[in-house]
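A.B. asks: This is a predicted model, with the sequence first.
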Amino acid sequence: MQVDRTLELNDHKAVIVGISDASAPFLSVPIIHTRYSQAINFVGRERTQLSFVLAKSAAGVNLDEVTHRIQAQTGLLARTTDEFRWDCIWYYLKNTGIPVNFGITITIALIVGTVVAGQTFYLFTLENLKQFGALKAIGVTNWRLTRMVLLQAITAGAIGFSLGTGMAALFFELTLRKIATRGLVLWWQSVVLTAGCILLVIIIASLLSIRRVVVLEPAEVFRG
């Protein structure tokens, strides 16, 4: 796409006079903006000629009042920008397989992450049973040992989260202007949600290690 380029649409020629830097659509297809009369010539007359009309209200007019007046006078559905945005979101959630596919992917990632992290922490605990036993022998309480395991797990999780988030942010920044990935950004809500998921994984993965430390008898360690 470039300015002054000529396109042929259904035997009609059109010249590109400008390119807008609008939000990227969900599908990687170009969107052409033109007058309704020209769009009819390009597409041809069909039974359903119009999907929606984009309109702007006068300054100072309440949008809810405008939508109610349009619906009352035309019998057509009128939506504000936010309402139309949520209509599109709910359409994809209810009528497509996108939520299921993403849900399965996220669930598998959480399960795998929990299993791998849990195995790693548990092996670390097993390799340091003598040290934990020595701490118990000198009077360190189970609660303090539990906090030590959690601190180690949170530190490892924070380092991994920082590296992963940094690489993801760098990827989005480098591909921001690419056609295929234009519009993909890293929202702070996604970062917070990811941090919450990682914290949940850390807690679940630490339970086995904490249980092994709590039931540990110092005498058994020194006897071995």
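C.D. replies: Okay, I see it. Numbers count the residues shown, from 1 in each chain.

A.B. asks: where in the protein is pLDDT low?
C.D. replies: Counting by pLDDT under 70, the chain contains low-confidence ranges at 1, 21-30, 44-50, 180, 183, 220-224.

A.B. asks: What are the boundaries of the strands in it?
C.D. replies: Ranges of strands in the chain, per DSSP state E, are 6-9, 12-15.

A.B. asks: Report the spatially closest residue to Phe172, excluding sequence-adjacent ones.
C.D. replies: Spatial nearest neighbour of Phe172, chain neighbours left out: Leu186 (4.9 Å); criterion: Cβ to Cβ, 6 or more residues apart in numbering. (Each C-beta comes from the backbone N, C-alpha and C, glycine too.)

A.B. asks: give me every residue that touches the one you found.
C.D. replies: Neighbour list for Leu186: 165, 168-169, 172 [criterion: Cβ atoms under 8 Å, 6 or more residues apart in numbering].

A.B. asks: May I see the strands of the chain organised as CSV, with mean neighbour count and distance to Ser51 added?
C.D. replies: What follows is the strands of the chain, written out as CSV (neighbours: other Cβ atoms under 10 Å; distance: least, Cβ to Cβ, whole Å):
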stretch, mean neighbour count, distance to Ser51
strand 6-9, 11, 17
strand 12-15, 11, 19
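
A.B. asks: nearest to Gly113, of those?
C.D. replies: Closest to Gly113 of the strands of the chain, according to Cβ to Cβ: strand 6-9, at 47.4 Å.

A.B. asks: In the longest helix seen in the chain, which residues are buried?
C.D. replies: Longest helix in the chain, counting residues (DSSP state H): helix 142-174. Neighbour counts over helix 142-174 (16 or more other Cβ atoms under 10 Å) mark 145-146, 149, 152-154, 156-157, 161, 165 as buried.
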